[in-house]
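Chemist: what's the 3D shape of this:
(2 chains)
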2 protein chains.
Amino acid sequence: MKIGVFGSGIVGQTIAGKVAELGHDVMVGTRDPAKLQDWPGKIGGNVRVGSLAEAAAHGEILFNATNGGGSLEALALAKEANLNGKILIDIANPLDFSQGMPPTLFVSNTDSLGEQIQHTYPQVKVVKTLNTVTASLMVNPQQLADGDHHLFVSGNDADAKAQVVHLLTSWFGWRQIIDLGDITTARGTEMYLPIWLRLWGALGTGLFNIKVVK
Amino acid sequence: MKIGVFGSGIVGQTIAGKVAELGHDVMVGTRDPAKLQDWPGKIGGNVRVGSLAEAAAHGEILFNATNGGGSLEALALAKEANLNGKILIDIANPLDFSQGMPPTLFVSNTDSLGEQIQHTYPQVKVVKTLNTVTASLMVNPQQLADGDHHLFVSGNDADAKAQVVHLLTSWFGWRQIIDLGDITTARGTEMYLPIWLRLWGALGTGLFNIKVVK
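Modeler: Presented below is the predicted three-dimensional model:
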């Protein structure tokens, strides 16, 4: 399958590397592809680097792995016509580092970054997920408690969510995924970041997740 | 031990009932004690009802189980002189129901209700905890997965947190408690409410909690 990944940071590298390892045709989209000429070799597999618009045009399914603060600008550069009708798996969190550490959120409570993206691109099928765990867990949940912990999905399109759940399960090995509801429920997972950040501090590692016990 | 519980809603009833059952001398403080004349008999045990100021004066340890929106007003009625030097276990969440369901938060992101209370009463030892679980779980975590799930504490005073952790363990049976840090970390547990509310909707029950898996 042709996959476009926006963002060349640790999340983009991790997603692109894993998806390519599975044999898919991956293009990472970044603002300045020239800077990353020797980059595909580093993460291995069949990964090309292109502009955001090229990666968007390439992908049948798209991942938003850009920094939250730059996501809307990156999507604008990807161009709406290249996004429309596609599933966009939104991993970004609206972290604001301008006030120091730990970061605050630049949108929260009555809105979310997931909603802003869906609102800006009404013909894109935005599915918010993976934003509650550190990069290495996203693609390898089994490394922790045999995968006995939870991931969440939020989105307006039921078929798109079902496809994403299938992909998270079959590609990455997620065993437990809870559908929280429409894209407004992205407020829940984005506002989980403040406790995630404090747990990171308290536990001394980002390699943790939560299991919903009922 | 003499315990004061502010608030006569389901959280106040649950805490007061359990603590009294353990043999402690409990006074519930409420704005209008006359309305609750026959109330102690309902929840059983050695529970008296008084004004907020009477309950504050009575308790060696205090619980804030008022609605978040009324907490600062309730504490003002309890009177600072009755609160100073004591541990105040703050269970309240800053839920704003004025915009419909699910509620938003009236303070979040760069501040929290726990911090507002600590800031308003600098001589009170505010420990934020229990606000991440439904009332019946607060006093009986063992009913779920033998108690194999987590509670969090936030507060500036290490000794006060240690006392509260001891109390949560020995009185209520909590087995796993994570100290998130100072009272600013209350932002984390209060901002967890939006995902808690969506999980409540998705799971169809409030009788759940999270286990931190690492």
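Chemist: Can you name the residues of chain A that neighbour chain B?
Modeler: A:99, A:104-105, A:108-110, A:144-145, A:148-149, A:152, A:178-181, A:185, A:187-189, A:191-192, A:194-199, A:201-203, A:205, A:207-214 (CB under 8 Å from any CB of the partner chain). No exception for glycine: its C-beta is placed from N, CA and C like everyone else's.
Chemist: Just the ones of those residues in helices?
Modeler: Among these, DSSP state H puts A:Arg187, A:Gly188, A:Thr189, A:Pro194, A:Ile195, A:Trp196, A:Leu197, A:Arg198, A:Leu199, A:Gly201, A:Ala202, A:Leu203 in helices.
Chemist: A:Trp36: neighbour count?
Modeler: Let me fix one detail, which is that residue A:36 is Leu and not Trp. 15 (other CB atoms under 10 Å in any protein chain shown).
Chemist: Repeat that for the one 10 residues further on.
Modeler: The burial metric for A:Asn46, expressed as a neighbour count using other CB under 10 Å, is 15.
Chemist: show me the contacts for it.
Modeler: A:Asn46 sits next to A:Ala20, A:Gly23, A:His24, A:Asp25, A:Val26 when contact means CB atoms under 8 Å, 6 or more residues apart in numbering or on different chains.
Chemist: so the last one sits in a strand?
Modeler: Yes. With the criterion set as DSSP: H, G, I helix; E, B strand; the rest coil, the secondary structure at A:Val26 is a strand.
Chemist: surely it meets A:Lys18?
Modeler: No. Contact status for A:Val26 versus A:Lys18: not in contact, 9.4 Å apart, counting by CB atoms under 8 Å.
Chemist: Who has more neighbours out of the two?
Modeler: Neighbour totals were compared for A:Val26 and A:Lys18, and A:Val26 leads with 29 against 20 (other CB under 10 Å).
Chemist: who touches the more buried one in this structure?
Modeler: Neighbours of A:Val26 in contact, by CB under 8 Å, 6+ apart: A:Ile3, A:Gly4, A:Val5, A:Ala16, A:Val19, A:Ala20, A:Gly45, A:Asn46, A:Val47, A:Arg48.
Chemist: quick one, phi/psi of the residue positioned nearest the centre of chain A?
Modeler: Centroid-nearest residue in chain A, with CA atoms, centre = their mean: A:Ile91, separated by 2.1 Å. The phi and psi values for A:Ile91, taken as degrees, to the nearest 10, are phi -100, psi -10.
Chemist: Was I right to think it contacts A:Leu62?
Modeler: No. Contact criterion CB under 8 Å: A:Ile91 and A:Leu62 do not qualify, at 10.8 Å.
Chemist: next SSE after the helix or strand bottoming out on mean pLDDT in chain A?
Modeler: Within chain A, no helix or strand scores below helix A:39-43, which has a mean of 67 by mean pLDDT, DSSP states H and E. Going down the chain from helix A:39-43, the next helix or strand is strand A:47-50, by DSSP states H and E.
Chemist: The helix or strand that comes right after that following strand - what's its average pLDDT?
Modeler: Counting by DSSP H and E, the next helix or strand C-terminal to strand A:47-50 is helix A:52-58. Model confidence over helix A:52-58, given as mean pLDDT, is 98.
Chemist: How about stretch A:145-165?
Modeler: The model assigns stretch A:145-165 a mean pLDDT of 98.
Chemist: and it, how far apart are its ends?
Modeler: The first residue of stretch A:145-165 is 20 Å away from its last residue (CA to CA, to the nearest Å).
Chemist: what comes up buried for that stretch?
Modeler: A:147, A:149-157, A:160-161, A:163-165 (16 or more other CB atoms under 10 Å in any protein chain shown).
Chemist: Now do stretch A:31-51: distance from first to last residue.
Modeler: Start and end residues of stretch A:31-51 are separated by 6 Å (CA to CA).
Chemist: all strands of chain A, in order?
Modeler: Assigned by DSSP state E, chain A shows strands spanning A:2-6, A:25-29, A:47-50, A:61-64, A:87-90, A:95-96, A:104-105, A:125-128, A:150-155, A:176-181, A:209-213.
Chemist: Point out where chain A drops to low pLDDT.
Modeler: Across chain A, residues meeting the criterion (pLDDT under 70) sit at A:40-45.
Chemist: returning to what we had before: just put the contacts of A:Val26 in CSV and tack on distance to A:Gly114.
Modeler: Shown next, in CSV, are the contacts of A:Val26 (distance: CB to CB, whole Å):
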residue, distance to A:Gly114
A:Ile3, 20
A:Gly4, 18
A:Val5, 17
A:Ala16, 21
A:Val19, 21
A:Ala20, 26
A:Gly45, 28
A:Asn46, 29
A:Val47, 26
A:Arg48, 27
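Chemist: Which pair of the residues you listed spans the longest distance?
Modeler: A:Gly4 and A:Gly45 (15.1 Å; CB to CB).
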